[in-house]
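Trainee: Pasting the sequence and the predicted model now:
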Amino acid sequence: MNPVRRYAIALPGVPGAHAAARTVIVHLTDQLGPAREPVFEDATGTFRVQISGTTAEILTAPAEYATIHPCLEAVPMP
């Protein structure tokens with residue numbers, strides 16, 4: 001079976017700022033996260049998630065996303 005190699009993650013805007021959501025594309029790395037699930041990261045390597053099914057659990061994120069929910073929806077990309 002071919003694993004999904006890229007996902008789109010929608011990051012909500014800052015609460016109260018009326019900012020639009022931002023979409024981050026993450027790609028598969030050769031690392032495993034704490035739950036032994038594959039780790040995905042953005043092009044800069046600063047946004048890292050562990051994905052199980054369609055749920056992305058944030059491992060590391062830029063400081064402006066420190067207060068967002070730790071689990072986000074992951075949408076498979078071609």
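Mentor: Thanks, I have it. Numbers count the residues shown, from 1 in each chain.

Trainee: Okay, helices next: where are they in this protein?
Mentor: Assigned by DSSP state H, the chain shows no helices.

Trainee: so where's it shaky on pLDDT?
Mentor: Along the chain, the parts satisfying pLDDT under 70 run over 1-2, 13-17, 66.

Trainee: Longest strand of it, counting residues only.
Mentor: strand 22-32 (DSSP state E).

Trainee: Buried by neighbour count: which residues of that strand qualify?
Mentor: Applying a neighbour-count criterion of 16 or more other C-beta atoms under 10 Å, one finds 24, 26 buried in strand 22-32. Every C-beta, even on glycine, is put in place using the N, C-alpha and C of the backbone.

Trainee: Name the strands paired with that strand and say parallel or antiparallel.
Mentor: If you go by DSSP bridges, strand 22-32 pairs up with strand 6-11 (antiparallel), strand 38-41 (antiparallel).

Trainee: For residue 43, give me its contacts.
Mentor: Residue 43 is in contact with 25, 27, counting by C-beta atoms under 8 Å, 6 or more residues apart in numbering.
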